[in-house]
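# I would like to see how this sequence folds:
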Amino acid sequence: MNGSPHIVSDVMTHTVVAVGRDAAFKDIVEVMEQWKVSALPVLEGEGRVIGVVSEADLLLKEEFRDSDPDRFTQLSRLSDLVKAGGMTARDLMSSPAVTVHTDATLAQAARIMAQRKVKRLPVVDEEGLLEGVVSRADLLKVFLRTDEDLAEEVRRVVVNLLFPTPAGPVGVQVRDGIVTLTGHIRDTSLVPVAARLVRAVEGVVDVDFQLTALPARSEPR
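Model prediction:
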């Protein structure tokens, strides 16, 4: 993976297991167990994603198995009670599905997961057809980039842009994903800009600066 920002298609799982809208409750459980997944896209037609059925959706049947909900529960959790009586993916799924496109950045995907409180997202094309699935674990893959790979990108997209020679050589050191910039620069006001750009490089854990200002040039008399 070269260059930032990386996009969902760089890290997503392309081989995806899904179910149709008429899949039975027990079949859904068996597919989840077989493939060791906690949620399944629900498809119709040529593969258009119409919803997602998760373990949480299925567990509602167990939660309400022996209960006699009071009036408040009936009103406040009506949709959960409906799902608890569901027999097929059509009844159990959360719809419309929370999805993401292949060209979304990893930051965008992470933001959607956090805001919608989901662990994985179906990846769809412009027509809503399933392309893959991206999970929290997939988004963390960028932190597996080597220190050498990160250093090369920081030099290319940050140092060469903000601190070009001959103003003064700026060194880039990376250890365990932490970037350190060393050397001398003429304009220290660029340090906050450099910090933002370095942190924007996918896979960077943090950034440290060991930069000093070059002496001001004396004007000829």
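
# C-alpha from now on. contacts and neighbour counts both.
Will do.

# do you know how far Ser9 is from Asp103?
Distance, Ser9 to Asp103, using C-alpha to C-alpha, to the nearest Å: 7 Å.

# with Arg145 instead?
20 Å.

# Val159 now?
27 Å.

# looking at these two, which is more packed in?
Val159 (21 against 15; other C-alpha atoms under 10 Å).

# spatially nearest residue to the more buried one, not counting backbone neighbours?
Val170 (7.0 Å; C-alpha to C-alpha, 6 or more residues apart in numbering).

# got the phi/psi numbers for the residue lying closest to Gly85 once chain neighbours are set aside?
Among residues not flanking Gly85 along the chain, Lys61 sits closest, at 6.6 Å (C-alpha to C-alpha, 6+ apart). When quoted as degrees, to the nearest 10, the phi and psi of Lys61 stand at phi -60, psi -40.

# from memory Lys61 sits against Met87, does it?
No. Using C-alpha atoms under 8 Å, Lys61 makes no contact with Met87, being 9.7 Å away.

# how about His14, what does it touch?
By C-alpha atoms under 8 Å, 6 or more residues apart in numbering, the contact list for His14 reads Glu131, Gly132, Val133.

# go with 6 Å
For His14, the contacting residues are Gly132, by C-alpha atoms under 6 Å, 6 or more residues apart in numbering.

# tell me the pLDDT at it?
Looking at His14, its pLDDT reads 93.

# which residues in the chain form strands?
Secondary structure of the chain (DSSP state E): strands located at 19-20, 39-44, 48-54, 100-101, 120-124, 130-135, 170-175, 178-185, 206-213.

# got these as a markdown table, with mean pLDDT columns?
Listed next are the strands of the chain as a markdown table, based on pLDDT from 0 to 100:
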| stretch | mean pLDDT |
| --- | --- |
| strand 19-20 | 98 |
| strand 39-44 | 96 |
| strand 48-54 | 96 |
| strand 100-101 | 97 |
| strand 120-124 | 96 |
| strand 130-135 | 96 |
| strand 170-175 | 95 |
| strand 178-185 | 94 |
| strand 206-213 | 92 |
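
# what's the most buried one of these?
Each of the strands of the chain was scored by mean neighbour count; the highest is strand 120-124, a mean of 25, by mean count of other C-alpha atoms under 10 Å.

# neighbour-wise, which of Lys61 and Met87 wins?
More neighbours surround Lys61 than the other of Lys61 and Met87, with 19 against 16 (other C-alpha under 10 Å).
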